[in-house]
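Student: Model the following, please.
(one chain, ligands or ions: 2)
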Amino acid sequence: MKNTKLVNPISSIEFIDFEIPLIHPFRTSFGVENHKQAIIIKITDSEGNLGWGETSVSTAPGYCYETTKTAWHIQQDFLLDEMTNLTAEDPQANILDIMDSFSKIRGHQFAKAGIESALWALVSMQKNISLGSLYGATKHKIPTGVSIGIQTDLDYLIKRIGSFLDLGYHRIKIKIEPGWDKQVLSRVRSEYGDILLMVDANSAYTLKESHLAVLKSLDRFELMMIEQPLHHTDMLMHKKLQAEIETPVCLDESIHNLPDAQLSLEFDCCRIINIKPGRVGGYYTALEIGKMGGPGKVWCGGMLEIGIGRIHNLFLQSNDNFTIPGDTSGSSRYFQQDIISPQIVVDDKGYVEIPTGPSLGVDINQNLINKFTRKSVKTDFKY
Ligand code: OSB
Ligand code: MG
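Tutor: Ligands and ions are numbered 1, 2, ... in the order given. Next up is the predicted model:
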């Protein structure tokens, strides 16, 4: 990665606690989300350049231990000090050194990644280049997919899948849990034939006999992959499962960094990795995991991001190592109105265009941000 050093000193950083309603509640095996919370991070430099980032974690610790509140605490009480100390010494600090200074704080990958994303956006604005060129973009548009939550009614799920297929989406991911699996897939296959289809269990299964029998029976649906079937710490159990089924296992919740990714692929605990930049501590590591896995082994997941994180994720997928359609759906799948302009739109062939302008390449709708802001804190940097 080139262009990793700040050009002008940072003058301030603002953290915005943000909550916007979702059009549809999103239900997984671990809970329901009716709103999307995010911490928007806005960094300003001495020349007035802005860098926008997003910490995109869930409200409750069901997907991982981090929540919006823990991320706020870690950012305000620890990461901010690391940043101000380092930039006081070197106002043109290398962003990778700032990230290195964060490694004193264990875990809390989403909290770190949000700040990192704003720093990449800032440096690309300072250099007047697209974030894509920083992340090694080769593509101008990417094919995308959609992740559909657990529904109470199978007919409704079938209808929703149909409407996403009509919109051009390339790949359908459905959330499953015990009791909402085989019969659902059998119906989906009979309605829609050989569409690109996968499932995500968010750790809802174990290797007990009745669950293993179900997981084995899913092979006949020729899924692209089964995402995170077992508990997030059960690497060995995922390896045992992969040895028993044809369907590639994909890990999401279990992977927090490059060594986790290396271990899980090398020991065949999984064959594919869902990379969420937040979960692995940022875009630099996301790109490193992409390089290690290579095309066909990795793809970019999502956390129902608002426009800022969603655009960052698009740029990640403009890198050649990301070939499998991911979870970066159009803005209208989540929100009445996204906070960026133009909104992210999926064309009728299921592609999303990658912006070309400097930094994020889109405008940020500050009025809409203000409308959904719960609180914000701004810190000035002193030199
Ligand atoms: O497991 O991939 C997941 C959303 C929130 C938390 C966890 C997950 C998801 C998704 C949705 O599947 C992906 C998206 O549309 O952003
Ligand atoms: Mg998942």
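
Student: can you map out the strands along the stretch 1-150 of the chain?
Tutor: Here the stretch 1-150 of the chain has its strands, by DSSP state E, counting those that start in this stretch, at 10-28, 31-45, 50-55, 141-143, 145-148.

Student: Where do the strands of the stretch 201-350 of the chain begin and end?
Tutor: So, for the stretch 201-350 of the chain - with DSSP E, counting those that start in this stretch - the strands run 226-227, 249-251, 272-275, 298-300, 340-341.

Student: do you know which of these lies nearest ligand 2?
Tutor: Of all these, strand 226-227 sits nearest to ligand 2, with 4.8 Å by C-beta to the ion. Bear in mind the C-beta positions are built from the backbone N, C-alpha and C, glycine included.

Student: partners of that closest one, with directions?
Tutor: Strand pairing for strand 226-227, using DSSP bridges, gives strand 196-200 (parallel), strand 249-251 (parallel).

Student: What spatial separation is found between the residue in the chain positioned nearest to ligand 2 and residue 292?
Tutor: At 3.6 Å from ligand 2, residue 252 is the closest residue in the chain, using C-beta to the ion. In this view, residue 252 and residue 292 are 17 Å apart by C-beta to C-beta, to the nearest Å.

Student: likewise residue 381?
Tutor: With C-beta to C-beta as the criterion, residue 381 and residue 292 are 35 Å apart.

Student: who has more neighbours, these two?
Tutor: residue 381 (19 against 16; other C-beta atoms under 10 Å).

Student: Might you report the residue contacts of the residue of the stretch 201-350 of the chain found nearest ligand 1?
Tutor: Residue of the stretch 201-350 of the chain nearest ligand 1, by C-beta to the nearest ligand atom: residue 302 (2.3 Å). If a contact means C-beta atoms under 8 Å, 6 or more residues apart in numbering, then residue 302 has 147, 276, 310, 313, 326, 327, 328, 329 as its contacts.

Student: Pick the most deeply packed of the strands of the stretch 1-150 of the chain.
Tutor: strand 50-55 (a mean of 26; mean count of other C-beta atoms under 10 Å).

Student: related to what we said a few turns ago, nearest to residue 262, out of the strands of the stretch 201-350 of the chain?
Tutor: Across the strands of the stretch 201-350 of the chain, residue 262 has its closest neighbour in strand 272-275 (10.1 Å, C-beta to C-beta).

Student: buried set for that closest one?
Tutor: For strand 272-275, the buried set under the neighbour-count rule, 16 or more other C-beta atoms under 10 Å, comprises 272, 273, 274, 275.

Student: Next, format the contacts of residue 302 as JSON lines and append pLDDT and distance to ligand 2.
Tutor: Formatted as JSON lines, the contacts of residue 302 follow (pLDDT from 0 to 100; distance: C-beta to the ion, whole Å):
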{"residue": "147", "pLDDT": "98", "distance to ligand 2": "8"}
{"residue": "276", "pLDDT": "98", "distance to ligand 2": "8"}
{"residue": "310", "pLDDT": "98", "distance to ligand 2": "16"}
{"residue": "313", "pLDDT": "98", "distance to ligand 2": "14"}
{"residue": "326", "pLDDT": "97", "distance to ligand 2": "11"}
{"residue": "327", "pLDDT": "98", "distance to ligand 2": "8"}
{"residue": "328", "pLDDT": "98", "distance to ligand 2": "14"}
{"residue": "329", "pLDDT": "98", "distance to ligand 2": "14"}
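
Student: Now the buried members of those residues.
Tutor: Buried among the contacts of residue 302 (16+ other C-beta under 10 Å): 147, 276, 310, 313, 326, 327, 328, 329.
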